[in-house]
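J.: Fold the following and give me the result.
(chains A and B)
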Protein chains: 2
Amino acid sequence: MTDGTFAVEPIGCVESPLVDLAEAPRQGDEGTPESWLVFAPEVAEGLRDLRPGTDVLVLTWLDRARRDVLVVHPRGDTSRPATGVFSTRSPSRPNPIGLHRVTIVAVEGTRVRVRGMEALDGTPIVDVKPVLGPIAER
Amino acid sequence: MTDGTFAVEPIGCVESPLVDLAEAPRQGDEGTPESWLVFAPEVAEGLRDLRPGTDVLVLTWLDRARRDVLVVHPRGDTSRPATGVFSTRSPSRPNPIGLHRVTIVAVEGTRVRVRGMEALDGTPIVDVKPVLGPIAER
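T.: As a prediction, this is how the structure comes out:
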């Protein structure tokens, strides 16, 4: 689309009781079961400061989404007006990167248990970032 | 690392007075000049509901970052303890996806002027998402 593409290399994947798109909640704060983030051993060093009780942002690659969609009905509800995808959180979008705010419940080596993760079982994880606090705390 | 990689296809790029890593602010709320998000004509339909005065999340591909770094000193300050990258906002990380909360100042076709974007001139844009409000407003 512009010059060149970049290769996203998954660093792990989601292990979740959610296996079916039809029963997945739309957002993680809408009644999601706990799930595990299972990371590749190669990135273990990067995980060393994750702590239970804190919130983090998890970025995923929504590999079951469509990439050729630019306009959607929000939350799949056709009674709502068609909306440009960049004004929605629809998984279908040119680069289907999911953004999930979750709470860490436990850390066991490269397995991190979280609350509030709405992604389906097997979804690739591409990044984890801290939630930013006020400037003074950075 | 896990099975397979995915191709991120930029949907636009940042046009900014920030051209030098050394003078870039660490975060967008730390005194950043206004900049333009310049989108590819192919994604114009997806932009149609972006409105001046609203905040959005912009995802970028930080193409000048290193991808082989798992531990960093936060904000490049060696007096601060080395920290796993997934507990920092360092651009250097296995998948250098930048996450920027910005305020839309103006929309002119596929050019969107924003405040609070700390990315360097030429940085590829990969996604735009709305900031989520309370559940009742979705």
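J.: Show me the longest strand that occurs in chain A.
T.: Scanning chain A for the longest strand, with DSSP state E as the assignment, gives strand A:97-108.
J.: Alpha carbons of that strand, as CSV, please.
T.: Coordinates of each C-alpha in strand A:97-108 appear next as CSV, following Å, rounded to 0.1, in the frame of the first residue of the first chain:
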residue,chain,number,x,y,z
ILE,A,97,-3.8,-6.0,15.5
GLY,A,98,-5.8,-6.6,18.7
LEU,A,99,-5.2,-4.3,21.7
HIS,A,100,-6.3,-5.8,25.1
ARG,A,101,-6.0,-4.3,28.5
VAL,A,102,-5.6,-7.2,31.0
THR,A,103,-4.8,-7.7,34.6
ILE,A,104,-2.0,-10.1,35.5
VAL,A,105,-3.1,-12.8,37.9
ALA,A,106,0.0,-15.0,38.1
VAL,A,107,3.4,-15.4,36.4
GLU,A,108,4.9,-18.9,36.1
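J.: anything in it sitting right up against chain B?
T.: Yes. Applying Cβ under 8 Å from any Cβ of the partner chain, one finds strand A:97-108 touching chain B at A:97, A:99. Just so you know, the C-beta spots here come from the backbone N, C-alpha and C atoms, and that holds for glycine as well.
J.: So for A:Asp127, what's the nearest residue that isn't a sequence neighbour?
T.: Here the nearest residue to A:Asp127 in space, its sequence neighbours aside, is A:Leu59; by Cβ to Cβ, 6 or more residues apart in numbering or on different chains that works out to 4.0 Å.
J.: where along chain A do the strands fall?
T.: Listed in chain order, the strands found in chain A under DSSP E are A:6-8, A:12-15, A:35-39, A:55-61, A:71-72, A:83-84, A:97-108, A:111-115, A:124-130.
J.: which residues are in contact with the second one?
T.: Contacts to strand A:12-15, defined as Cβ atoms under 8 Å, 6 or more residues apart in numbering or on different chains, come from residues A:35-40, A:43, A:60, A:110, A:117, A:119-125, B:2.
J.: buried subset of those residues?
T.: A:35-37, A:39-40, A:43, A:60, A:110, A:117, A:119-120, A:123-125 (16 or more other Cβ atoms under 10 Å in any protein chain shown).
J.: Sort out which residues of the longest strand of chain A are buried, please.
T.: Using 16+ other Cβ under 10 Å as the test for burial, strand A:97-108 gives A:97-104, A:107.
J.: returning to that earlier point: kindly reformat the buried ones among the contacts of strand A:12-15 as a markdown table containing pLDDT and distance to chain B.
T.: Conversion of these to a markdown table gives the following (pLDDT from 0 to 100; distance: Cβ to the nearest Cβ, whole Å):
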| residue | pLDDT | distance to chain B |
| --- | --- | --- |
| A:Ser35 | 96 | 16 |
| A:Trp36 | 97 | 14 |
| A:Leu37 | 98 | 10 |
| A:Phe39 | 98 | 9 |
| A:Ala40 | 98 | 5 |
| A:Val43 | 98 | 6 |
| A:Thr60 | 98 | 11 |
| A:Thr110 | 98 | 11 |
| A:Met117 | 92 | 15 |
| A:Ala119 | 91 | 15 |
| A:Leu120 | 92 | 15 |
| A:Thr123 | 96 | 11 |
| A:Pro124 | 97 | 7 |
| A:Ile125 | 98 | 9 |
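J.: Since that was my last question, I'll sign off now.
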